[in-house]
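Colleague: Any chance you could fold what I've pasted below:
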Amino acid sequence: MPELPAKSIETAHPLATNSILYQTVKGALEQHPEQTGVFPLGDGVDAFVARLLLIESAVSSIDLQYYIYRNDETGRLLTWFLLDAAQRGVRVRLLLDDMTSADMDEQLIALARHPNISIRLFNPSIERNYRGLAMLFGFSRLNHRMHNKSFTVDNVMTIVGGRNIGDEYFAANRDLEFGDFDLLAMGDAVPQVSDEFDRYWNADSTHPIEVLSDHNPTQAELEAFALRVAEQREQSKSSEYVKRLAESQLLANLQSDNMTWFWGKALVLVDPPDKLAQSDKTTWLLSQLLPYLTQVESELFIISPYFVPTQSGADLLTILAQSGKRVRVLTNSLAATDVLAVHAGYKQYRKALLAAGVEIYEVKAQAGKRSHSWRGSSKSSLHAKSFVFDNKQIFVGSFNFDPRSAAVNTELGLLITQPQFSRHVTHNIEEKLTTNTYRLALEEGDLVWWDDATKQRYDSEPDAGFWRVFVADFLGLLPIESQL
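Modeller: This next block holds a predicted model:
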């Protein structure tokens with residue numbers, strides 16, 4: 001990669017004790033020193049409202065780190081709120097993975113012209129107009145992506161979890177809704193997230209958007225951008241989705257002061273930004289998570305939309321199950337997955353895991369009634385990533401149980417020790433297993449799928465259709481597991 005101009009080193013603003021947000025939670029923080037309070041964000045609309053409310057409350061700083069930031073309805077709404085915050089004098093730092101912001105250079109450069117907005121891209125392609133070729137010839141570097149997701153305001157509260165910024169993550173897409181899960185957190189974990197944001201923001205692999213593009217918008221272009229934003233904002237007022245935001249259950253809970261926070265010890269687990277250059281793999285998130293996986297005493301529940309355990313992961317789950325531990329896996333069915341190659345990598349492990357006693361559930365593609373968790377539009381797909389250990393500890397973040405999360409991309413998540421919350425999450429998922437998933441089983445050595453709601457049995461991938469099955473079978477023949 002060519003040498004780029006040096007960038008300034010910046011750090012998070014201190015805790016904004018003068019903010020309304022801090023004053024609102026000050027009492028709870030003082031009652032729980034050195035602990036973290038978490039509130040679950042399972043519903044997509046609530047998760048988006050939480051972000052908008054945090055932005056509206058900001059007085060000092062907003063730090064966002066995302067793998068995907070779409071230029072769609074929710075992406076534009078969030079951007080407008082960020083612009084308003086910047087106009088109030090709030091410092092906004094937006095850190096994005098470059099591969100997934102490919103069509104947004106002009107918009108990002110225009111935003112970065114605001115004196116209170118800074119935008120940096122992780123591991124960017126220098127060839128802005130020929131990214132496909134750049135990926136082809138620079139695969140070893142550009143294949144390494146930043147999958148982290150965090151959203152921190154005033155160093156008072158943060159949101160971590162599985163959601164990117166886009167309509168499908170916030171129940172705004174009629175064709176597809178990702179069932180996802182975030183944690184709204186305050187307390188001890190927040191400065192940990194801020195420190196990790198700074199580490200990425202100042203990393204050698206991160207660069208300001210303005211030094212990557214030779215496009216220097218004219219005053220006329222900036223004025224046209226501002227006019228377009230104003231027109232879009234006016235049009236959005238009649239949006240069905242904007243009306244739904246006003247009906248958010250989270251808003252109702254806030255107005256009635258009816259939010260239950262779960263307090264416990266928490267750790268932020270994260271990969272180093274230069275993960276692939278690290279010879280010491282103990283710094284990797286997987287290495288930090290592994291002791292919790294291997295030391296399970298009674299049960300392990302893995303929720304991973306992209307589940308490709310590899311042989312070593314399958315061996316670990318087999319050992320746990322055969323030693324009397326209950327091991328459950330919730331992932332996508334072939335009909336529900338948005339990445340066929342991942343299913344191709346996963347399906348070869350199903351029989352052996354089931355034979356060892358691992359329980360496997362696959363999320364259905366058809367939408368049921370819109371609910372508070374991982375159901376949705378005309379097609380639903382699981383996107384939440386969580387690990388529940390013995391119903392005592394839970395890890396929520398961006399990490400999938402697959403080779404890409406383990407060894408290629410960088411990831412981030414929050415591990416909280418809180419039995420009541422762990423049981424709460426497990427219970428909410430268990431309530432929906434019967435109606436929203438297929439339970440896999442082995443019968444005379446053959447794989448079958450049971451719909452426990454209808455007592456119907458399937459001998460082949462339910463609802464997938466010929467072409468999905470054909471493509472998944474073909475991809476399963478290719479030596480691509482390490483990239484899944």
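
Colleague: can we go C-alpha only for contacts and neighbour counts from here?
Modeller: Fine.

Colleague: Can you give the contact residues for the strand or helix carrying I302?
Modeller: Taking DSSP states H and E as the definition, one finds I302 inside strand 299-303. With contacts defined as Cα atoms under 8 Å, 6 or more residues apart in numbering, strand 299-303 is touched by 293, 325-331, 384-391.

Colleague: Report the two of the residues you listed separated the most.
Modeller: Of all pairs drawn from the contacts of strand 299-303, the greatest distance, 23.2 Å, lies between K325 and A384 (Cα to Cα).

Colleague: Of these two, which one has the most company?
Modeller: More crowded of K325 and A384, by other Cα atoms under 10 Å: A384, with 27 against 19.

Colleague: hmm, back to that, give me the subset of the contacts of strand 299-303 that lies in helices.
Modeller: L293 (DSSP state H).

Colleague: buried set for the strand holding I302?
Modeller: Within strand 299-303, the residues scored as buried using 16 or more other Cα atoms under 10 Å are 299-303.

Colleague: which other residues reach the helix or strand just after it?
Modeller: Counting by DSSP H and E, the next helix or strand C-terminal to strand 299-303 is helix 310-322. Outside helix 310-322, the residues within contact range by Cα under 8 Å, 6+ apart are 294, 296, 326-327, 349, 353, 356-358, 402-403, 481.

Colleague: what's the answer for stretch 39-56, then?
Modeller: 62, 78, 81-82, 85, 151, 153, 169-172, 179-185, 244-245, 248-251, 259-262, 371-374.

Colleague: which of those are buried?
Modeller: Buried among those by 16+ other Cα under 10 Å: 62, 78, 81-82, 85, 151, 153, 169-172, 179-185, 245, 248, 250-251, 261-262, 372-374.

Colleague: in the stretch 301-450 of the chain, which ranges drop under the pLDDT threshold?
Modeller: Applying pLDDT under 70 to the stretch 301-450 of the chain picks out residues 367-378.

Colleague: again, only this time at 90
Modeller: In the predicted model, the stretch 301-450 of the chain carries pLDDT under 90 at residues 338-339, 365-381.

Colleague: still on that earlier bit, ok, the buried residues of strand 299-303 vs S205, which is closest?
Modeller: Distances from S205 to the buried residues of strand 299-303, taken by Cα to Cα, are shortest for I303, at 30.5 Å.

Colleague: From Q87, how far off is that closest one?
Modeller: Using Cα to Cα, to the nearest Å, we find I303 at a distance of 40 Å from Q87.

Colleague: for L4, same thing?
Modeller: 30 Å.

Colleague: With neighbour numbers in mind, choose between the two.
Modeller: More crowded of L4 and Q87, by other Cα under 10 Å: Q87, with 14 against 11.

Colleague: Walk me through the domains of this structure.
Modeller: Residue ranges for the domains of the chain, per automatic domain parsing: 30-247, 271-483.

Colleague: Looking at those domains, which is nearest to I20?
Modeller: For these, the distance to I20 is smallest for domain 30-247, at 6.9 Å, taking Cα to Cα.

Colleague: what's next to the strand ranked longest in the chain, contact-wise?
Modeller: Taking DSSP state E as the criterion, the chain has its longest strand at strand 262-270. The contact list for strand 262-270 (Cα under 8 Å, 6+ apart) reads 32, 34-39, 188-189, 192-193, 196, 284-285, 288-289, 410-418, 420-421.

Colleague: same deal with stretch 238-251?
Modeller: Contact partners of stretch 238-251, identified using Cα under 8 Å, 6+ apart, comprise 45-46, 49-50, 172, 236.

Colleague: Show me which of the buried residues of strand 299-303 is closest to N71.
Modeller: Within those, the smallest distance to N71 is 28.4 Å, found for I303 (Cα to Cα).

Colleague: Roughly how far does the closest one sit from F178?
Modeller: Look at I303 and F178: by Cα to Cα, they are 13 Å apart.

Colleague: ok, now P115?
Modeller: Between P115 and F178 the computed distance is 35 Å (Cα to Cα).

Colleague: neighbour count winner among the two?
Modeller: The neighbour comparison of P115 against F178 (other Cα under 10 Å) goes to F178, with 29 against 12.

Colleague: Produce a ChimeraX select command limited to the buried residues of the contacts of strand 262-270.
Modeller: Selection of buried members from the contacts of strand 262-270 for ChimeraX, criterion 16+ other Cα under 10 Å:
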select :35,36,37,38,39,188,189,192,193,196,284,285,410,411,412,413,414,415,416,417,418,421
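
Colleague: List the ones among the contacts of strand 262-270 that fall in helices.
Modeller: 189, 192-193, 196, 285, 288-289, 420-421.

Colleague: buried ones in stretch 436-450?
Modeller: Under 16+ other Cα under 10 Å, the buried positions of stretch 436-450 are 436-441, 447-450.

Colleague: if we can go back for a sec, which of the contacts of helix 310-322 count as buried?
Modeller: Taking 16+ other Cα under 10 Å as the criterion, what is buried in the contacts of helix 310-322 is 296, 326-327, 349, 353, 356-358, 402-403, 481.

Colleague: Tabulate these in CSV, adding columns for distance to V92 and secondary structure.
Modeller: Below are these laid out as CSV (distance: Cα to Cα, whole Å; DSSP: H, G, I helix; E, B strand; the rest coil):
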residue, distance to V92, secondary structure
V296, 41, coil
R326, 45, strand
V327, 42, strand
Y349, 44, coil
L353, 46, helix
A356, 50, helix
G357, 49, coil
V358, 45, coil
D402, 33, coil
P403, 33, helix
E481, 38, helix
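
Colleague: Save those as JSON lines, and put in distance to H343 too.
Modeller: Formatted as JSON lines, the buried ones among the contacts of helix 310-322 follow (distance: Cα to Cα, whole Å):
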{"residue": "V296", "distance to H343": "27"}
{"residue": "R326", "distance to H343": "23"}
{"residue": "V327", "distance to H343": "20"}
{"residue": "Y349", "distance to H343": "10"}
{"residue": "L353", "distance to H343": "15"}
{"residue": "A356", "distance to H343": "20"}
{"residue": "G357", "distance to H343": "21"}
{"residue": "V358", "distance to H343": "18"}
{"residue": "D402", "distance to H343": "11"}
{"residue": "P403", "distance to H343": "13"}
{"residue": "E481", "distance to H343": "11"}
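
Colleague: where's the residue sitting furthest away from the middle of the chain relative to K351, distance?
Modeller: Here the centre of the chain is the reference, and by Cα atoms, centre = their mean the most remote residue is E444, at 38.6 Å. Per Cα to Cα, E444 is found 11 Å from K351.

Colleague: Kindly report the same for T17.
Modeller: 55 Å.

Colleague: So which bits of the helix or strand hosting Y241 are buried?
Modeller: Under the criterion of DSSP H and E, Y241 resides in helix 240-246. By neighbour count on 16+ other Cα under 10 Å, the buried set for helix 240-246 is 241-242, 245.

Colleague: D473 against H343, yeah?
Modeller: No: contact criterion Cα atoms under 8 Å: D473 and H343 do not qualify, at 9.2 Å.

Colleague: which ones are touching Y67?
Modeller: Counted by Cα under 8 Å, 6+ apart, Y67 has contacts 96-97, 100, 145-149, 164.
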